[in-house]
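Below: sequence and its predicted model.
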Amino acid sequence: MPHAALAVVGQGPAQSTGQVVGYPALFVLVALGALVPVIPTGALVSSAAVVAFHQRSLPFGVLLVVGVAALGAFLGDLALYWLGQRGVRSRGGSRWLESLRGRAGAERLEQARMRLDEHGALVLVVSRLIPAGRIPVMLACLLARLPLRWFARGDAPACLAWSATYGLIGIVGGSLFAEPWKGVALAVGLTLLISGAPALWRRVRGHRRAA
């Protein structure tokens, strides 16, 4: 992961060339990560922010990382929502809609529906900041047949807040170490810890209930 992050934004004598190649790569990876859950997009953004922090272009390098990642997340979310809408409108559904159902879970979907009824588009912002919270809220919006335009208005600030949060984690990691790779390692560790904490808590709570 450290080497991948360094390649994303580039550094050293080939910094300009690395940025030309790296920022589009960051955008594509974050957008794909919004569609499929196999890319650790939070860790990627934090790692890129660490490297940008150590470049001479502060604060513009970090701001560009945050902006590119937010745009990629936003367009990826819109694409996933549009694909889910096609499944909702179709009698036979779609594999994208079924995938969302499988990733949401009945209990979390019901909670998302209640919060959506109570707080509206604000739930989109909160769901983006909570690990594993994005998909249940998106599915609740789809099943409520909310239009893409409504979803986009709420998702835009959500993606920006998400990107800024993980960018801040990268700034913290970059400020603690003189070597970028150490900051990248810390940022990746923090993001993975944040992402895995809810799943670990649910598992522990399940064991307690069973006992």
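Received it, and whenever you're ready, just let me know what you need.

what helix or strand is S163 on?
S163 is part of helix 148-176, with elements assigned from DSSP states H and E.

List the buried residues of that helix.
Buried residues in helix 148-176, counted by 16 or more other C-beta atoms under 10 Å: 151, 154-160, 162-167, 169-174. C-beta here means a position set from N, CA and C on the backbone, and glycine is covered the same way.

Please apply the same query to stretch 82-95.
Here stretch 82-95 shows 83-85, 87, 94 as buried, counting by 16+ other C-beta under 10 Å.

contacting residues around the nearest residue to T165 once chain neighbours are set aside?
Counting by C-beta to C-beta, 6 or more residues apart in numbering, L129 is the residue found nearest to T165 once chain neighbours are left out, at 6.2 Å. Residues near L129 by C-beta atoms under 8 Å, 6 or more residues apart in numbering: 158, 161-162, 165.

ok, now how distant is L129 from R89?
30 Å (C-beta to C-beta, to the nearest Å).

try R95
15 Å.

Start and end of stretch 85-99, how far apart?
13 Å (C-alpha to C-alpha, to the nearest Å).

any idea how far it is from the chain center?
In terms of C-alpha atoms, centre = their mean, to the nearest Å, the centre of stretch 85-99 is found 23 Å from the chain centre.

now stretch 160-168
Using C-alpha atoms, centre = their mean, the offset of stretch 160-168 from its chain centre is 9 Å.

And for stretch 36-46?
6 Å.

Show me what counts as buried in that stretch.
Under 16+ other C-beta under 10 Å, the buried positions of stretch 36-46 are 39-46.
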